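Peer 1: sequence and predicted structure are below.
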Amino acid sequence: MYEAICYDRDAAFSCYPSENSIDAWCDALLAKSREISVSGTFTDDMPVRHCFGNGPNALINKFIRFDMPDHTFYGYWQPAMKEPAPLLINLPGYGGYISMHPQINDDGYHILHISPLGYVTPSGSREELLMDDGNWPVLDRTARGLPGGYEDWLLDCLAAIHWIQRQLCVLPDRLSLFGTSQGGGASLLLASILGGQVRCVCADLPFLTAFPLSGLSGNAYGILQKAYGEVPSAQFWNRLGYIDTFSHAHRLRQPVMLSAGGQDDVCSPASVEALFQKLPGTRQYTYLEHNVHTHSRQSMYLFRSWLALYA
């Protein structure tokens with residue numbers, strides 16, 4: 001566990017990019033994503049390795065290999081029973097895992113889970129890409145302004161979304177996003193970038209939210225402590241500002257669902273509540289008193305209800 005660091009929070013926020021800078025960053029990233037050449041291929045990898053004890057949905061799910069000009073990454077495809085169907089994008093927590101959501105799938109949605117930057121493949125995690133502390137490098141590289149940061153992470157997501165929207169089985173104008181932790185925060189970032197293309201967002205225990213409020217403590221924000229000690233302060237906070245959901249609140253006019261856990265010592269309820277107060281449109285905030293930092297049964301019900309209303 002990383003203990004909190006003392007710094008001036010107001011000074012940190014003062015280094016954040018302006019709303020106009022965020023708007024320009026989002027527009028540029030979206031335009032760049034549309035210029036990327038990406039091909040998607042459904043693979044023969046079978047997630048189910050034994051005959052009994054598996055959910056029946058998994059028998060029809062497929063991995064998708066996305067080939068970019070300079071790297072490959074994977075998605076996990078859960079097709080709806082009837083086509084064409086609305087599209088949901090699910091994004092991973094910082095561990096990079098690929099997860100299944102059969103309950104939501106059975107509500108009549110296609111689900112594409114994206115694992116950017118090639119961290120996770122059908123055969124498992126690529127542990128050779130981990131940093132020495134056992135964490136994926138995307139956040140550290142963002143703070144240092146290096147390749148492999150969240151701009152590249154988000155470009156992978158955007159390229160995959162553009163590809164899947166072109167498939168005939170998908171209703172391309174029925175796109176929504178959801179996730180827990182990093183997946184929740186990144187869903188908000190992608191909703192900001194994609195704007196009116198996104199019908200709604202579900203962000204459970206969202207990471208990437210109000211970095212200065214965190215003290216850079218805990219097992220998520222604490223990953224930044226080494227970079228904090230080595231990168232000039234103004235650059236450090238400015239770079240984080242571009243991928244902080246706080247900076248994108250003015251763009252998040254879709255219906256947004258937020259949740260927080262009272263026992264969450266990784267992404268604090270205070271940061272989620274602060275984001276909720278900044279959102280301009282239809283929004284919901286649920287405080288789950290006893291929940292720790294993990295995807296939960298309660299969050300599944302919240303996802304399904306919000307999606308039923310707006311997706």
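Peer 2: Cool, got the structure.

Peer 1: poorly predicted segments of the chain, please.
Peer 2: For the chain, residues meeting the criterion pLDDT under 70 lie at 1, 47-55.

Peer 1: show me where it has its helices.
Peer 2: 9-14, 19-35, 102-105, 138-144, 150-165, 182-194, 218-221, 225-230, 233-242, 269-278, 297-310 (DSSP state H).

Peer 1: tell me the most buried of these?
Peer 2: helix 182-194 (a mean of 27; mean count of other Cβ atoms under 10 Å). From N, CA and C alone the C-beta is placed, and that goes for glycine too.

Peer 1: against which helices or strands is that one packed?
Peer 2: Counting contacts by 3 or more Cβ pairs under 8 Å, 6 or more residues apart in numbering; DSSP states H and E, helix 182-194 packs against helix 19-35, strand 85-91, helix 150-165, strand 170-180, strand 198-204, strand 256-261.

Peer 1: now do 7 Å
Peer 2: Judged by 3 or more Cβ pairs under 7 Å, 6 or more residues apart in numbering; DSSP states H and E, helix 182-194 is in contact with helix 19-35, strand 85-91, helix 150-165, strand 170-180, strand 198-204.

Peer 1: give me the angle between that helix and strand 256-261.
Peer 2: Per axes from the mean of the first three to the mean of the last three Cα atoms, to 10 degrees, the angle that helix 182-194 makes with strand 256-261 is 160 degrees.

Peer 1: how far off centre is helix 182-194?
Peer 2: Centroid separation between helix 182-194 and its chain, computed with Cα atoms, centre = their mean, to the nearest Å, is 5 Å.

Peer 1: for Thr43, give its distance to Phe73.
Peer 2: Thr43 sits at a distance of 13 Å from Phe73 (criterion: Cβ to Cβ, to the nearest Å).

Peer 1: between those two, which one's more packed in?
Peer 2: It is Phe73, of Thr43 and Phe73, that has more neighbours when counted by other Cβ atoms under 10 Å, with 23 against 13.

Peer 1: out of the helices of the chain, nearest to Gly95?
Peer 2: Among the helices of the chain, helix 182-194 comes nearest to Gly95, with 8.4 Å by Cβ to Cβ.

Peer 1: which residues outside the closest one are in contact with it?
Peer 2: Applying Cβ atoms under 7 Å, 6 or more residues apart in numbering, the external contacts of helix 182-194 come out as 26, 29-30, 90-94, 154, 157-158, 177-179, 198, 201-209, 243, 245, 248, 251-252, 254.

Peer 1: check the gap between the nearest residue to Leu240 once chain neighbours are set aside and Gln165 for me.
Peer 2: Using Cβ to Cβ, 6 or more residues apart in numbering and skipping residues adjacent in sequence, the residue nearest Leu240 is Phe211, 4.8 Å away. Distance of Phe211 to Gln165, given as Cβ to Cβ: 31 Å.

Peer 1: then stretch 107-114 to CSV, C-alphas only?
Peer 2: Only the C-alpha atoms of stretch 107-114 are listed here, as CSV (Å, rounded to 0.1, in the frame of the first residue of the first chain):
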residue,chain,number,x,y,z
ASP,A,107,-30.6,-8.3,-21.9
GLY,A,108,-30.2,-8.1,-25.7
TYR,A,109,-26.9,-6.3,-26.1
HIS,A,110,-23.7,-7.2,-28.0
ILE,A,111,-20.7,-6.6,-25.7
LEU,A,112,-17.2,-6.0,-26.8
HIS,A,113,-14.6,-6.1,-24.0
ILE,A,114,-11.4,-4.4,-25.1
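
Peer 1: buried ones in it, by neighbour count?
Peer 2: Residues of stretch 107-114 classed as buried by neighbour count (16 or more other Cβ atoms under 10 Å): 107, 109-114.
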